[in-house]
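Novice: The amino acid sequence is not available; the structure is as follows:
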């Protein structure tokens, strides 16, 4: 029997299907349907409804997010399907709200752990803003960290927020957090203007524990991730104008620099 290829159209994204087949030699001359179906699950569709907010109670957050246990920015993730990112953690933000988070515990050396978002189709958006809230706290196996649970990132540790426009062939860093600009223990919000991007994009967090085995043992939290069309460019400008230092606070004083806010 020659090889025959059939295309099935009109399937629903992120859905499991079972396909039974039978041989048809002529009308009225058919075999029985196969008792063992071919089963498969269709890929996730790109998100098109905005605002699109991710809940980080679970790791991975939903079936369309993924993770990987190795890989660099230049080459992309490898070992997709497992990583050291985990759930079961939270931090308390500046207004006392407990924020469920996915966390990466950085304490040794050599880790390259990816937390990879679902895809987003930005075609329908005029204003395109990504809002991310991240925090750095002392390590804990589980539970909620408070403002007292401070820690510092290692000397050559980094966590990158990445974007890809070609389905993961190449990645570009939107932000790199390290010991010089680490997020606060109560979380910091960051706004990214995506006006330069169109079509389908995807994001990832790459936590890298460098080659130095420092004495640090901390958790990097991702607690908020929103792709939206409502935040205006003025909100991005305001966020970028405001800076706090030192961060984290090492004495009894913090300076708030409002830049050129009008």
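Specialist: Arrived safely, thanks for sending. Everything numeric here is computed off the predicted structure, so don't read it as measured data.

Novice: Run the chain-centre distance for whatever helix or strand residue 88 lives in.
Specialist: For residue 88, the host element (DSSP states H and E) is strand 86-92. Remark: strand 86-92 is offset 15 Å from the chain centroid, using Cα atoms, centre = their mean, to the nearest Å.

Novice: What's the mean pLDDT across the helix or strand following that strand?
Specialist: Helices and strands here follow DSSP H and E; after strand 86-92, the next one along the chain is strand 98-106. Taken as a whole, strand 98-106 has a mean pLDDT of 98.

Novice: on that earlier part again, parallel or antiparallel, list what pairs with the strand holding residue 88.
Specialist: The sheet places strand 86-92 alongside strand 98-106 (antiparallel), strand 143-145 (parallel), with pairing taken from DSSP bridges.

Novice: Toward the C-terminus from the longest one, list the very next helix or strand.
Specialist: Which is strand 98-106. By DSSP H and E, the next helix or strand past strand 98-106 is strand 112-121.

Novice: what's the answer for the last one, then?
Specialist: Proceeding C-terminally, strand 143-145 gives way to strand 158-164 as the next helix or strand, assigned by DSSP H and E.

Novice: Need the contact partners of that following strand.
Specialist: 73, 104, 132, 134, 170-178, 190, 192, 197, 201-208, 210, 220 (Cβ atoms under 8 Å, 6 or more residues apart in numbering). Every residue, glycine included, has its C-beta placed from N, CA and C.

Novice: Let's see that with 7 Å instead.
Specialist: 73, 132, 170-178, 201-208, 220 (Cβ atoms under 7 Å, 6 or more residues apart in numbering).
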